[in-house]
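Trainee: Sequence and predicted structure are below.
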Amino acid sequence: MTEIRRADRETFLPGCTAEDVTLDTGVTLRVATGGDGPPLLLLHGHPQTHATWREVAPELARHYTVIAPDLRGYGDSGKPASDAEHAPYSKRAMAAEQVALMRALGHTEFPVIGHDRGARVAHRMALDHEEAVQRLAVLDIAPTATMYRRTDRAFATSYFWWFFLIQPAPLPETMIAGATEEYLLAHLRGQSGTEGVPAPELVEEYLRCYRDPATVHAVCEDYRAAAGIDLEHDEADRRVGRVLRRPLLALWGEHGTVGRLYDVLDTWREVSAAEVTGSSLPCGHLVQEERPRELTERLLAFLAAR
């Protein structure tokens, strides 16, 4: 039976309430909710938590009931044990968990907005749970299989952690434990294309969570899954011609790696039978923190379209 209780920490999202939702699986997710209207699911990336939506969520909550969880393994959500295939951290498992969360909160259909890892969960959710996802917006990513398939020196250099974090445990976990703050700060500096972003208080929040060895291990498992079982799921879809069938908005930072290396809209049209729209914003990878007002305007227009 689902259990919902008030969280022991306040959320960074103004006007929202933080709760811990324990699902039938026994996994507990930290969730911030606020606003009034149709449901809208926001999924953060790495190394962020739901706090990354601090500037965007309150504006969206003027029109929607915003639900912003910490993904499993991240922030203050549960960090279940993994297995040899890293299946508990596959995007299939994470997507199914988010659908279960939304159903537990009384929502059977909803749009999804995802950034980074959260956008990869949203992509898998729209494939596996088409009946639940009305439309989706993905922020600063190309499809995972595409990015691995087109790996070159420029991509491997810019996104080195895709290849570092997937190494067998406990090598990356041990190395990060020896220099957690230095590693995380360098990672965040590389993501942002805007001075002063992330804000100092958000940096401290991300660092608080990253100091937990269980979080770092879960992050590694997320990336290990992406380089293994997630690609197997993608290949199975490709073989049977399974593609996205919900409207998709792709937005990206023109100064980020994704925007430099890919024709982003074309990469999404390769895996979609539905309408794909989008464009760049003048920023780096952290679109929701670097350009929150412009992002919110584009999201609201996309969500209102019929």
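Mentor: Right, received. Where do you want to start?
Trainee: Of all residues in this protein, which one is nearest the centre?
Mentor: The chain has G118 as the residue nearest its centroid, 1.4 Å off, counting by Cα atoms, centre = their mean.
Trainee: Now do it against D8, distance only.
Mentor: According to Cβ to Cβ, to the nearest Å, G118 stands 23 Å off from D8. (Glycine included, C-beta is placed from N, CA and C.)
Trainee: Surely A32 and D20 touch.
Mentor: No - here A32 lies out of contact with D20, judged by Cβ atoms under 8 Å, at a distance of 11.0 Å.
Trainee: Would you mind telling me which of these two has more residues around it?
Mentor: Neighbour comparison, A32 and D20: the larger count goes to A32, with 26 against 18 (by other Cβ atoms under 10 Å).
Trainee: Quick check: that one is in a strand.
Mentor: Yes - counting by DSSP: H, G, I helix; E, B strand; the rest coil, A32 is part of a strand.
Trainee: Distance of it relative to M102?
Mentor: 14 Å.
Trainee: Can you check which residues contact both of the two?
Mentor: I67 (Cβ atoms under 8 Å, 6 or more residues apart in numbering).
Trainee: that older thread, so the residue nearest to the centre of the chain touches H50, yeah?
Mentor: No - here G118 does not reach H50: they are 9.4 Å apart, not a contact under Cβ under 8 Å.
Trainee: what touches both of these two?
Mentor: With Cβ under 8 Å, 6+ apart as the test, G118 and H50 both reach L42, H44.
Trainee: Please enumerate the strands of the stretch 51-200 of the chain.
Mentor: Along the stretch 51-200 of the chain, counting by DSSP state E, counting those that start in this stretch, strands occupy 65-69, 110-115, 133-139.
Trainee: Quick check: can you name the pairing partners of the second one and their directions?
Mentor: In its sheet, strand 110-115 lies beside strand 39-43 (parallel), strand 133-139 (parallel), with partners assigned from DSSP bridges.
Trainee: so which of those is the most packed in?
Mentor: Highest mean neighbour count among the strands paired with strand 110-115 (mean count of other Cβ atoms under 10 Å): strand 39-43, with a mean of 26.
Trainee: can you list contacts of that one?
Mentor: 50, 53, 56-57, 60, 64-69, 71, 98, 102, 105, 107, 110-115, 117-119, 121-122, 303.
Trainee: Can you tell me the closest non-neighbouring residue to A87?
Mentor: Using Cβ to Cβ, 6 or more residues apart in numbering and skipping residues adjacent in sequence, the residue nearest A87 is I229, 5.7 Å away.
Trainee: mind checking how far the residue lying closest to D230 once chain neighbours are set aside is from Y183?
Mentor: Nearest residue to D230, sequence neighbours excluded (Cβ to Cβ, 6+ apart): K91, at 5.2 Å. Using Cβ to Cβ, K91 is found at 24 Å from Y183.
Trainee: So which of these two has more stuff around it?
Mentor: Neighbour count, other Cβ under 10 Å: between K91 and Y183, K91 has more, with 25 against 19.
Trainee: what sits against that one?
Mentor: Taking Cβ under 8 Å, 6+ apart, we find K91 in contact with R120, V121, H123, R124, T144, A225, A226, D230, H233.
Trainee: Turn these into TSV, columns for distance to T151, pLDDT and neighbour count.
Mentor: TSV is the format used below for the contacts of K91 (distance: Cβ to Cβ, whole Å; pLDDT from 0 to 100; neighbours: other Cβ atoms under 10 Å):
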residue	distance to T151	pLDDT	neighbour count
R120	16	99	26
V121	22	99	28
H123	19	98	27
R124	20	98	23
T144	11	98	21
A225	17	99	26
A226	13	98	24
D230	15	99	26
H233	19	98	20
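Trainee: which pair in these spans the largest distance?
Mentor: Farthest-apart pair in these is H123 and A225; separation 13.7 Å (Cβ to Cβ).
Trainee: Could you give the separation of stretch 176-192 from the chain centroid?
Mentor: Averaged C-alpha coordinates place stretch 176-192 at 18 Å from its chain's average position (Cα atoms, centre = their mean, to the nearest Å).
Trainee: Alright, I will stop here.
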